[in-house]
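*Asks:* Would you be able to build a 3D model of this:
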Amino acid sequence: MAKYSESIFKTKRWLTREVLVGSIGVGGQNPIRIQSMTTSKTHDVEATVEQIIRLSDAGCEIARVTVQGIKEAEACEAIKNSLLQRGYTIPLVADIHFYPPAAMRAVEFVDKIRINPGNYADKRASFKVLEYDDSSYAQELERIEEKFTPLVEKCKALKKAMRIGTNHGSLSDRIMNRYGDTPYGMVESALEFARICRKNDYHNFLFSMKASNPQVMIAAYRLLVKEMMALGWNYPLHLGVTEAGMGEDGRIKSAIGIGSLLLDGLGDTIRISLTEDPWKEIDPCKRLIAFTNSYYESKGVEPFEEKGRDIESIERRSTLLPTTMNLHRDGALILELTSEDLKEPDLYIKIGCEIQFGKPKRAITTADCLIVREKSTTTDELNNLSIATLLPSEIFVTDGSKESLSLIERERPDLIFLSPKSDRLHTARKFFTTLREKNIKTPVILYFSYNMAKEDLLIASATEFGALLSDGLGDGICLSAPYDVDFIRNLSLNILQASRRRTSKTEFISCPGCGRTLFDLQEVTKRIGSKTAHLPGVKIAIMGCIVNGPGEMADADFGYVGSKPGMIDLYIGKKCVEKDINFAEADDRLIALIKKEGRWLEPKEIEV
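*Replies:* Modelled structure (predicted):
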């Protein structure tokens, strides 16, 4: 794993109170902790214990199991005892949805209870429009307090920890009708339960604000911390992008959401939720912590409150794209090529062109511009394809310093390449602030260079580019690294898409799985992906059960959800349109639904 040099400027980590989860301290002066969750059936004690041991051996520090009923709650006793007998003291967390009696039983055996404020005291959301005046809403809060207080009292008496874990996908009808299906609603959902904890003088709890959309997730955590600062609270934060997916996409989406907040100095414990075996989540967590730690020091600059932006205030900087270059308005993709790259027989494929009748043609995945070391016949051909080519001497590169800003004001270049020498996040933020103040509308390409292993590059680049792009800063990216052009191009496109900028393929929202999962998530996600990955702008959710399914799919166009053993429900947005489909027919029915809604495209129909 790569070692990272420390920056000149530092992020000041927001100091939270310490919460003890078993023997593990979270928050305070403790390091950022790594968590994961088992995918076995919790009542299968042996399988669950084996998964937790494998997680612990990989470096997981806190393990969570799903507890949907009393049978699973009581299995936690045997799981905990078996772990201790085998010399494993890793804290055990019970994940609760819909059934408070399971929490009341499980808390006797586990170290922490995770409750979802969207469904602990409320039924599954129906997304109906309901009217609440202040009096009726106050009555609802009294009902919640009556249901939740017994668990708070028991956690306090047994000295057990709690996570108040809001999910964007499972907000209650009550919250959504009062505050909207928004980061504001997510925060208030958690604060309602936190106030009950504090009323009972119980403080051994922490928060999470998870969403499958990294921008929503980032906004919710920022709003929560802003609210806590105003209240004088400092409870720890567990960070995660839920239903992130699998492979490179899942790691990039998680690095953008979690990494952006860690670079803000926020976060005490993390989980990267992948549609993969749980222990595969641990390595990217370690890499992300190692990278973001390079921004930390005991004293620093830019405390969180100075950059506490929420999703409502994020606005793309107004720019004037140069008319001489065919740059994508949602996010330009620029690649660096060597002289040897230009000689490659498959050059056009590597830069994202399609080959039709033996000739290259621009596609939705084609780079907009190439930086080349010297002009050649090949560069003339590229220009004929509306792919701009620039020599290094033709690009205006700035490190973001005051001196270079003065030069920009004088020369007014058509395009700026921002390449900070150190502390890219803070330097870039200050640079963009100055451009706004001076009303300079020149587009800016984020031009970052890396020299590290691919696994580290994926995490580091997604974190730094994503933290800026998600806030509307930057008009495109140029990622420089000593790897194949095709790899860099795909990585760049994936970062742009995960930052909700330029869409070049289907987006998949798939959960990591747990003991509630009703089918093989990994196999099904790969299979559906192979059939539908060519639909840019379409979001497909693949969910193992209905706990978060309908709500989390509010951000998706189509949903594929396990409803019963061997049965699948299909959704359009939040609405279930086909129920109890036989598993063997579900793929074809999903594709038929996409076609019926007019969202299916053949490759030749995809517009550049």
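
*Asks:* any weak-confidence spans in the stretch 101-250 of the chain?
*Replies:* Where the stretch 101-250 of the chain drops to pLDDT under 70, the residues are 125-127, 129.

*Asks:* what's near enough to touch the closest residue in space to Leu418 that isn't next to it in sequence?
*Replies:* Nearest residue to Leu418 in three dimensions, chain neighbours excluded: Val444, at 5.2 Å (Cβ to Cβ, 6 or more residues apart in numbering). C-beta coordinates here come from the backbone N, C-alpha and C atoms, glycine included. By Cβ atoms under 8 Å, 6 or more residues apart in numbering, Val444 lies in contact with Thr319, Ile416, Phe417, Leu418, Phe431, Phe432, Leu435, Leu473, Gly474, Asp475.

*Asks:* Wasn't the fifth one part of a helix?
*Replies:* By that I understand Phe431. Yes: assignment of Phe431 by DSSP: H, G, I helix; E, B strand; the rest coil places it within a helix.

*Asks:* can you count the residues close to it?
*Replies:* Counted with other Cβ atoms under 10 Å, the neighbours of Phe431 add up to 23.

*Asks:* isn't it right up against Gly400?
*Replies:* Yes: judged on Cβ atoms under 8 Å, Phe431 makes contact with Gly400 at a distance of 4.0 Å.

*Asks:* what touches both of these two?
*Replies:* Common contacts of Phe431 and Gly400 (Cβ under 8 Å, 6+ apart): Leu418, Pro420.

*Asks:* Can you tell me which helix or strand of this protein has the lowest average pLDDT?
*Replies:* Among the helical and strand segments of the chain, the one scoring lowest on mean pLDDT, DSSP states H and E is helix 549-552, with a mean of 60.

*Asks:* name the helices or strands packed onto whatever helix or strand comes next after that helix?
*Replies:* Using DSSP states H and E, the next helix or strand after helix 549-552 towards the C-terminus is strand 558-564. Counting contacts by 3 or more Cβ pairs under 8 Å, 6 or more residues apart in numbering; DSSP states H and E, strand 558-564 packs against strand 539-543, helix 549-552, strand 567-572, strand 575-582, helix 586-596.

*Asks:* contacts for strand 558-564?
*Replies:* Outside strand 558-564, the residues that touch it by Cβ under 8 Å, 6+ apart are 517-519, 524, 528, 538-546, 549-550, 553, 568-573, 579-580, 586, 590, 593-594, 597, 599.

*Asks:* Low-confidence regions, this protein specifically.
*Replies:* Judged by pLDDT under 70, the chain has its weakly predicted residues at 1-11, 125-127, 129, 297-315, 323, 546-554, 603-608.

*Asks:* ok, longest helix in it?
*Replies:* helix 134-158 (DSSP state H).

*Asks:* Name the residues of it that come out as buried.
*Replies:* The neighbour-count check on helix 134-158 (16 or more other Cβ atoms under 10 Å) flags Glu140, Ile144, Glu145, Phe148, Leu151, Val152, Lys154, Cys155, Lys156 as buried.

*Asks:* Save those residues as CSV, and put in distance to Ala219 too.
*Replies:* Formatted as CSV, the buried residues of helix 134-158 follow (distance: Cβ to Cβ, whole Å):
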residue, distance to Ala219
Glu140, 25
Ile144, 24
Glu145, 28
Phe148, 26
Leu151, 29
Val152, 28
Lys154, 33
Cys155, 29
Lys156, 32
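
*Asks:* got the residue ranges for the helices in the stretch 201-350 of the chain?
*Replies:* Listed in chain order, the helices of the stretch 201-350 of the chain (DSSP state H, counting those that start in this stretch) span residues 214-231, 247-263, 282-293, 339-342, 347-350.

*Asks:* Could you turn the buried ones of the contacts of strand 558-564 into a ChimeraX selection?
*Replies:* Selecting only the buried entries of those in ChimeraX, with 16+ other Cβ under 10 Å as the criterion:
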select :517,518,519,524,528,538,539,540,541,542,543,544,545,546,549,550,553,568,569,570,571,572,573,586,590,593,594,599
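
*Asks:* check contacts around Arg436.
*Replies:* Arg317.

*Asks:* What residues sit buried inside the one helix or strand it maps to?
*Replies:* Per DSSP H and E: Arg436 is located in helix 424-437. Neighbour counts over helix 424-437 (16+ other Cβ under 10 Å) mark Arg424, Leu425, His426, Thr427, Ala428, Arg429, Lys430, Phe431, Phe432, Leu435 as buried.

*Asks:* burial of the spatially closest residue to Pro322 that is not a sequence neighbour, as a residue count?
*Replies:* The spatially closest residue to Pro322, leaving aside those adjacent along the chain, is Asp414, at 4.1 Å (Cβ to Cβ, 6+ apart). Using other Cβ under 10 Å, Asp414 has 13 neighbouring residues.
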